[in-house]
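J.: sequence and predicted structure are below.
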Amino acid sequence: MTNKPPQITFVGIGLMGAPMTRNLLDAGFPMTLWNRTTSKCEPFSSEATIASTPAEAVRTADVIITMLENSDVVEQVLVANGAMEAVKPGALVIDMSSIQPSVARRHAALAAEKGVGYVDAPVSGGTLGAQEARLSIMAGGSEEDVSRARPVFDVLGKCTRIGPVGAGQLAKLANQAIVGITIGAVSEALLLAARGGADPAAVREALMGGFAGSRILELHGQRMIDRDFAPGAPARIQLKDLRMILDEARAEGLTLPLSQQVHNEYLSLVANGHSDADHSGLLLELEHINGTRLGATGPGPKE
């Protein structure tokens with residue numbers, strides 16, 4: 001067994017991919033990077049190789065990590081742009097994007113035809129979790145492939161093997177259902193309390209000590225109070241995830257009323273021009289519906 005670290009190719013140097021790349025480089029992994037917008041790779045140009053195409057990027061890699069926006073983009077990069085064809089036998093593809101479970105299973109089958117391992121490993125924790133290397137990583141794949149990926153995962157956060165390929169994506173859908181619905185609940189709770197004259201900051205502090213306490217209330221509740229909606233996880237991504245939740249539910253013959261309602265609210269939020277607001281910006285849609293703002297008190301619409 002050699003101590004030489006595997007050659008990693010990272011595809012998708014965005015809000016999540018950039019800090020993840022930073023942590024992998026700091027851990028000593030040799031890296032090749034590719035991003036559709038090449039300028040996003042430039043901060044790492046003195047430490048990593050910048051490839052001009054996805055196929056070029058993956059050709060010599062031992063581990064290929066993709067962190068892309070949705071199923072269509074992953075399909076475009078891995079399949080249409082020829083990356084999967086260029087991966088060498090024995091390599092390991094780790095897709096850390098949030099995509100449909102069926103797409104993950106199909107990509108795993110394509111990888112297997114080439115003698116390549118595959119793990120679907122979506123994450124939770126947002127940009128802060130990526131920066132601080134404490135992402136929650138939900139892995140789907142064989143025990144062998146997930147074990148091969150663990151030295152990489154250990155640099156990025158904490159990995160839990162959920163089950164076979166596709167199971168990681170199912171866990172991420174469960175995560176996003178809870179996140180989206182809870183953001184909606186926190187928005188409504190703070191607006192209700194503030195409308196009646198309570199200090200929303202004090203309400204948040206009090207609720208943090210009881211059963212209503214949550215990471216969403218702690219972080220996104222504070223964002224709502226501060227009106228800080230700079231994107232950590234953009235609303236358009238939360239909407240995409242809620243669509244996948246509802247698609248998966250339909251495929252399994254399930255009806256999920258809360259997910260459907262929150263999906264509709266995010267759809268309106270995005271339609272009203274807030275696609276790049278943080279997903280905690282769902283408060284903006286609730287304010288729009290009610291003609292008020294968090295912190296306004298008394299009857300009637302408030303500015």
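T.: Sure thing, it's come through.
J.: hey, let's count contacts and neighbours off CA atoms from now on
T.: OK.
J.: so how far is Cys159 from Ala57?
T.: 25 Å (CA to CA, to the nearest Å).
J.: not counting sequence-adjacent ones, nearest residue to Gly129?
T.: The shortest distance from Gly129 to any non-neighbouring residue, by CA to CA, 6 or more residues apart in numbering, is to Leu135 (4.9 Å).
J.: tell me the contacts of that neighbour?
T.: Val123, Ser124, Gly125, Gly126, Gly129, Leu156, Gly157, Lys158 (CA atoms under 8 Å, 6 or more residues apart in numbering).
J.: go again with 6 Å.
T.: Applying CA atoms under 6 Å, 6 or more residues apart in numbering to Leu135 gives the contacts Ser124, Gly125, Gly129, Gly157.
J.: so what pLDDT did it get?
T.: Looking at Leu135, its pLDDT is 98.
J.: break the chain into its domains for me.
T.: Structural domains annotated on the chain: 8-164, 170-290, as defined by automatic domain parsing.
J.: ends of the shortest one, how far apart?
T.: What that stands for is domain 170-290. The first residue of domain 170-290 is 34 Å away from its last residue (CA to CA).
J.: next: the first one.
T.: Using CA to CA, the gap from the first to the last residue of domain 8-164 comes to 23 Å.
J.: could I get the full set of helices for the chain?
T.: 17-26, 54-58, 71-75, 83-86, 101-113, 126-131, 143-156, 167-195, 200-207, 215, 221-226, 235-251, 257-271, 282-290 (DSSP state H).
J.: and the fifth one, average pLDDT?
T.: So the one you mean is helix 101-113. What helix 101-113 shows for mean pLDDT is 97.
J.: quickly compare the domains of the chain and say which is most buried.
T.: Stretch with highest mean neighbour count among the domains of the chain: domain 8-164 (a mean of 20; mean count of other CA atoms under 10 Å).
J.: got any ranges where the stretch 151-300 of the chain has weak pLDDT?
T.: 296-300 (pLDDT under 70).
J.: if we use 50, what do you get?
T.: For the stretch 151-300 of the chain, the stretches flagged by pLDDT under 50 are 300.
J.: Gly90 contacts Val116, doesn't it?
T.: Yes. With contact defined as CA atoms under 6 Å, Gly90 reaches Val116; the gap is 5.1 Å.
J.: anything in contact with each of these two?
T.: With CA under 6 Å, 6+ apart as the test, Gly90 and Val116 reach no residue in common.
J.: quick one on the thing from earlier: can I get the contacts of Leu135 in a markdown table including distance to Ser71?
T.: Below are the contacts of Leu135 laid out as a markdown table (distance: CA to CA, whole Å):
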| residue | distance to Ser71 |
| --- | --- |
| Ser124 | 17 |
| Gly125 | 20 |
| Gly129 | 22 |
| Gly157 | 23 |
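J.: wait, which of those is closest to Val63?
T.: Relative to Val63, the closest of the contacts of Leu135 is Gly157; by CA to CA it sits at 17.2 Å.
J.: for that closest one, give me its contacts.
T.: Residues near Gly157 by CA under 6 Å, 6+ apart: Ala133, Arg134, Leu135, Ser136.
J.: what about the first one, distance to Phe153?
T.: Yep, that's Ala133 we're talking about. Ala133 is 9 Å from Phe153, by CA to CA.
J.: thanks a lot, see you next time.
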